[in-house]
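Visitor: this one's structure only:
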């Protein structure tokens, strides 16, 4: 099959969980014999990216359909909130239309991004094959975000309206959870087909990196956005502080994106009495993630029981499990469908500092190795991207 994937940025130049998921699925489809063209409609994240980008994946082609500049902070903001719609989207849509004229695509794979959905709306009459979208969270997540400026909130609302205008035109859906599947079935056309495509992880990224020395003290690791509402970072910090006296050599490393909650978290850390053992690393590059998580004593995710958690499934959890190290996680959403407390993970009640502190304490005990090994087995069975790409290939081929 010939597949066109439309995406805002090139997943090979991003370092986040979404990019890793797309890379794994695309390469898996190529291994299954499909040809995949990635059309980049959002422009460049790095200076000179389009001209210098190369890959070695057989069956994959990458086309930059927009050369919008998002690597300079000021230009990136102006493009995101003003110029993308006025200048770059029409240009990208023109190039998408040209691609569709040059060759027939059996599948046009959309992502839930404004630039992609905007391009789709302009070229949908030229699409000869079927349309497909992969969804991993509720479409109205932006309503939970009370912080942010007026432009960010307005853009979130506008993007959601665009999504709702598009969803009824799509033929095939891959959805990450059962909860989301039921949510989107109500919006889709009656003949649309659905598959459950759980969170995916490239297991090979987390093999043979154990001997890499990261830090000279044992540590708990967290990766993600420094958000209390999304990932419960404040609960994790408080739980670590509760255990600090019992484990005087243990450190906490927080790696990921800045969030509006960071100043309050920093104040909490400063007043904790163990501020010298809690460290922020900022955003790590993709190649830095495996040694960081593989060398951790414990991997932690104190996700609260939010609207987002009820529908989504954290990709970082798959990466945590893939290491074979003990994982502490909260019982939210569909996580308990895959993991069992004290068997494949150390689980806690969401929003409870005491419960998460207890999970961290248990993860330092004698069952840690056994539970970590069982957690990796869960990841191999349910989340391995090679297995899930084969399932996706069969789904896309089905009539």
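Guide: Received the coordinates, thanks. Note that the structure is predicted; figures quoted are calculated from it, not measured.

Visitor: quick one, domains of this structure?
Guide: As recorded under automatic domain parsing, the domains making up the chain are 2-200+384-397, 203-382.

Visitor: ok, of those domains, where does mean pLDDT dip lowest?
Guide: Mean pLDDT is lowest for domain 2-200+384-397 out of those, coming in at a mean of 85.

Visitor: Quick one: residues in contact with stretch 344-363.
Guide: With contact meaning Cβ atoms under 8 Å, 6 or more residues apart in numbering, stretch 344-363 is reached by 220, 232, 235-236, 238-240, 242-243, 246, 298, 300, 302-305, 309, 321, 326-332, 335-336, 338-342, 371, 374-375, 377-378. Using the backbone N, CA and C atoms, a C-beta is placed for each residue, glycine as well.

Visitor: Dump the domains of the chain into CSV; add mean neighbour count as well.
Guide: As requested, these are exported to CSV (neighbours: other Cβ atoms under 10 Å):
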stretch, mean neighbour count
domain 2-200+384-397, 18
domain 203-382, 19
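
Visitor: who are the neighbours in contact with residue 301?
Guide: Each residue near residue 301 by Cβ under 8 Å, 6+ apart is listed here: 222, 224, 231-232, 236, 314, 316-317, 320, 327-330.

Visitor: So which of the contacts of stretch 344-363 sit within helices?
Guide: Filtering the contacts of stretch 344-363 for membership in helices, criterion DSSP state H, returns 235-236, 238-240, 242-243, 309, 321, 371, 374-375, 377-378.

Visitor: Pick the one among these closest to residue 62.
Guide: For the ones in helices among the contacts of stretch 344-363, the minimum distance to residue 62 (Cβ to Cβ) is 30.1 Å, reached by residue 321.

Visitor: which residue sits closest to that closest one, ignoring its sequence neighbours?
Guide: Sequence neighbours aside, residue 379 is the residue nearest to residue 321 in space, at 3.9 Å (criterion: Cβ to Cβ, 6 or more residues apart in numbering).

Visitor: wait, isn't that neighbour in contact with residue 201?
Guide: Yes - if you go by Cβ atoms under 8 Å, residue 379 and residue 201 touch, sitting 6.0 Å apart.

Visitor: what is in contact with the two at once?
Guide: Common neighbours of residue 379 and residue 201, counting by Cβ under 8 Å, 6+ apart, are 318, 321, 322.

Visitor: Quick one: the helices in the stretch 151-300 of the chain, in order.
Guide: For the stretch 151-300 of the chain, the helices defined by DSSP state H, counting those that start in this stretch cover 178-185, 228-231, 233-243, 262-270, 289-294.

Visitor: who's in contact with the shortest one?
Guide: Okay, so that is helix 228-231. For helix 228-231, the surrounding residues in contact (Cβ under 8 Å, 6+ apart) are 144, 222, 224-225, 234-235, 261, 264-265, 301-304, 306, 308, 314.

Visitor: nearest to residue 8, of those?
Guide: Set against residue 8, the nearest of the contacts of helix 228-231 by Cβ to Cβ is residue 225 (17.9 Å).

Visitor: Spatially, which two of the contacts of helix 228-231 are the most separated?
Guide: Within these, 264 and 314 form the most distant pair, 22.1 Å apart (Cβ to Cβ).

Visitor: Let me see the contact set for the closest residue to residue 322 other than its chain neighbours.
Guide: Take residue 322 and drop its neighbours on the chain: the residue closest to it by Cβ to Cβ, 6+ apart is residue 206, 4.2 Å away. Under the criterion of Cβ under 8 Å, 6+ apart, the neighbours of residue 206 are 290, 293, 294, 319, 322, 323, 324.

Visitor: tell me the secondary structure for residue 5?
Guide: Under DSSP: H, G, I helix; E, B strand; the rest coil, residue 5 falls in the strand class.

Visitor: quick one: it and residue 35 touch, right?
Guide: No - counting by Cβ under 8 Å, residue 5 stays clear of residue 35, with 11.1 Å between them.
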